[in-house]
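Engineer: turn this into a model:
(2 chains)
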There are 2 protein chains.
Amino acid sequence: MAALTLASRACLNAWLLCLLCTDISFFQAQGPKSALALLTSPNSPHSVQIKAFEETVTADISLSLAAGEAAPDLTDALERVRATATESLKAAPVQHLDATTLYPPVVRGGSFPTVVPSSDGLWIQYDFDELVFHEKSPYQDVKIYHSRQFGNMLLLDDDPNLAESDLAYTQAILGSGRFNFEGKSVLVLGAGDGGVLHQILKLNPANVIMIEIDEVVINAARKHLRGICFDSMDNLTGPNYEIRVKDCLGEMDTLQAQGMQFDYIINDLTAVPVSTSLAGSDWEFLQIVLNRAMPLLAPHGKYLTQGGSANMPAATRCYEDIVHAHPAGLDFTKESVCVPSFHEMWLFYTLWKTN
Amino acid sequence: MAALTLASRACLNAWLLCLLCTDISFFQAQGPKSALALLTSPNSPHSVQIKAFEETVTADISLSLAAGEAAPDLTDALERVRATATESLKAAPVQHLDATTLYPPVVRGGSFPTVVPSSDGLWIQYDFDELVFHEKSPYQDVKIYHSRQFGNMLLLDDDPNLAESDLAYTQAILGSGRFNFEGKSVLVLGAGDGGVLHQILKLNPANVIMIEIDEVVINAARKHLRGICFDSMDNLTGPNYEIRVKDCLGEMDTLQAQGMQFDYIINDLTAVPVSTSLAGSDWEFLQIVLNRAMPLLAPHGKYLTQGGSANMPAATRCYEDIVHAHPAGLDFTKESVCVPSFHEMWLFYTLWKTN
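Structural biologist: From the prediction side, this is the model:
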């Protein structure tokens, strides 16, 4: 490894000084398996970190940019680095080094972040080019970014909720065409982006009550997510629908006291609870919502809900255990659907009473 | 900024020494807008890099792991760092600091890389948990990884080609159900994963000729991608199909010399050319394939092809200019489809002769 680290240091110096920095500020062999170098310059706000491992060499280029300042195009320079690194490492008197992996530069310090980790903590970067809307409501942080490929995209507390590309989500939470909503009574929980309301009103339901806690979301969607809600939320009431800006838990109690029942209940609440009347974990939230909703579900009715990432089997099992243990006697089907902007397979459940 | 950097240094020291490292090895204020700290220990192969910007503080934790060694679970420690950082920065006598962004740790040096950049160079990490197959063929580097949510996934020269989750891709390249293949003659270029062949044989074509250059891909798919090809490539010939292991350019010349014509030609070649008889850029490759294919397309026939990422508008325009300038007189439709494993919207073209 000594030969590699010395060779590496000389090579790195030659490869990278030309890029951004003037000196190797720090160099350390990290045990027998890796080496670490940091390149900075007193005259430059940028830095380059090089790591050499047994099988890969990575260059992490950090650009410190003022808000709105464009990153320099590093494509050619990076390709040169990769080619040189591959050749030099092949020539070095060290075994096991027959590949380099060049990761895209990690750009930090821009005016907004573009990395939104997946449910299981993977590093997923979006092509956001504009922060279209940002307001902290009494319940949550509401952001809408523009993505070149997904259109405008809603994030609540930095969690991706829905983009204008994501009709697949709305179709899936409505049961993927398996159900007939014509002439039926429907209760929608959440869904402040308006996607469910817009789609369901096209299916001629008798009556829809939608309960969304956050007026900020409704107003932002009405203006910036028209590819999702279209004109469905331009008025809060219509001939066969009503949007109630309320906490759905309290409102479900009210509906129950009135003896209301629904053919379909659609739970399109955020995965992360925002209700002020609720404490506890996300799964407790799903359980509490389920408990409140079941008295409102007609005996023949269906309860439709999103069920989180398909890549979280422990959480999925937890929810399914809750459903199976429910005193109302419940069974379910589920499907895994690709929602374009999510970068994860997503689960959708249909629940019904068995007795 | 001086106050911040001093405060930050003290805080970082307190927050992070407990995590992995014993000392701040390097610290530098990077101009008025950012500060950089590197934490290492002579006794540890791990390192932590902290960057403080005007709007974000990031911690990049690099773990040097032996092949197969599991990464320690840092979730709790990172959440502690984030909470402490947010509070401390709010208390610091510096304006503009009202948020921190905690990125997932960047894990390097594992036995295989999990980051596969998107077409436009974004940082996309996959949930690969096993390298199922790896062989360098005479034409390309052939890898199959297992993903928990996408099933087995084929990468050619580290470019994602298709996963077992991706029926949407095969349906789209076959025209999304708009065409009737029954009793028709079909030429398939590439498609060594077997997805197109499997789907099209279900539609009762009169005759299918598939030309795939790389036997390594066919053999790997037959064994490890059965969720794509099923049994369609268990035999290279059948009652109404034939798989020719050839360079499609030369083979198209042969077919033309024989006066053959096809009702449908499906170009499912890799986005990156591997033919040894070809030089030039990717777009020249698409143009050359198009030129060879047009004499083989029946006057009423359709030429179906994937068209790359919808997020590369310059490249898309380039291809469409080529099509419109083609001497055969061509027009096209296109659609943008979400392919689960791609993490990008993907384009699919239908071309036809207008005269």
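
Engineer: point out where chain A drops to low pLDDT.
Structural biologist: Along chain A, segments meeting pLDDT under 70 span A:1-22, A:30-33, A:54-55, A:67-68, A:73, A:75-76, A:81-82, A:84-100, A:271-283.

Engineer: how's it carved up into domains?
Structural biologist: Listed by automatic domain parsing, the domain ranges of chain A are A:2-91, A:172-353.

Engineer: what bridges to A:N152?
Structural biologist: When bridges are called by DSSP bridges, A:N152 pairs up with A:H146.

Engineer: what is the burial count for it?
Structural biologist: Using other Cβ atoms under 10 Å in any protein chain shown, A:N152 is surrounded by 23 other residues. (C-beta placed from N, C-alpha, C; glycine too.)

Engineer: again with A:C248
Structural biologist: By the criterion of other Cβ under 10 Å, A:C248 has 24 neighbours.

Engineer: how about the closest residue to it other than its chain neighbours, what does it touch?
Structural biologist: Leaving aside its chain neighbours, A:C248 sits nearest to A:I211 (4.2 Å; criterion: Cβ to Cβ, 6 or more residues apart in numbering or on different chains). Counting by Cβ atoms under 8 Å, 6 or more residues apart in numbering or on different chains, A:I211 touches A:L187, A:V188, A:L189, A:G190, A:R244, A:K246, A:D247, A:C248, A:E251, A:M252.

Engineer: sort out for me which of those residues are in strands.
Structural biologist: Mapping these onto strands (DSSP state E) picks out A:L187, A:V188, A:L189, A:G190, A:R244.

Engineer: tell me where chain A has helices.
Structural biologist: For chain A, helices defined by DSSP state H occupy the ranges A:2-17, A:75-91, A:167-173, A:195-201, A:215-224, A:226-229, A:248-257, A:282-293, A:313-324.

Engineer: before we move on, the earlier item: any idea how far A:S232 is from the residue nearest to A:C248?
Structural biologist: Between A:I211 and A:S232 the distance, using Cβ to Cβ, to the nearest Å, works out to 15 Å.

Engineer: related to what we said a few turns ago, beta partners for the residue nearest to A:C248?
Structural biologist: A:L189, A:R244.

Engineer: for chain B, see how far away it is.
Structural biologist: Taken as Cβ to the nearest Cβ, to the nearest Å, the spacing of A:I211 relative to chain B amounts to 30 Å.

Engineer: also A:G227?
Structural biologist: On the measure of Cβ to the nearest Cβ, A:G227 and chain B end up 14 Å apart.

Engineer: now swap in A:L225 and tell me
Structural biologist: A:L225 is 18 Å from chain B, where distance means Cβ to the nearest Cβ.

Engineer: show me what contacts that residue?
Structural biologist: Taking Cβ under 8 Å, 6+ apart, we find A:L225 in contact with A:I144, A:N152, A:L154, A:L162, A:E164, A:D193, A:G194.

Engineer: give me that answer again for 7 Å
Structural biologist: A:I144, A:N152, A:L154, A:E164, A:D193, A:G194 (Cβ atoms under 7 Å, 6 or more residues apart in numbering or on different chains).

Engineer: same check on A:V132?
Structural biologist: Counted by Cβ under 7 Å, 6+ apart, A:V132 has contacts A:I144, A:Y145, A:H146, A:N152, A:H224.

Engineer: repeat that for 6 Å
Structural biologist: A:I144, A:H146, A:N152, A:H224 (Cβ atoms under 6 Å, 6 or more residues apart in numbering or on different chains).

Engineer: looking at the sheet around the nearest residue to A:D23 once chain neighbours are set aside, what are its partners?
Structural biologist: The shortest distance from A:D23 to any non-neighbouring residue, by Cβ to Cβ, 6+ apart, is to A:S41 (6.2 Å). When bridges are called by DSSP bridges, A:S41 pairs up with A:S44.
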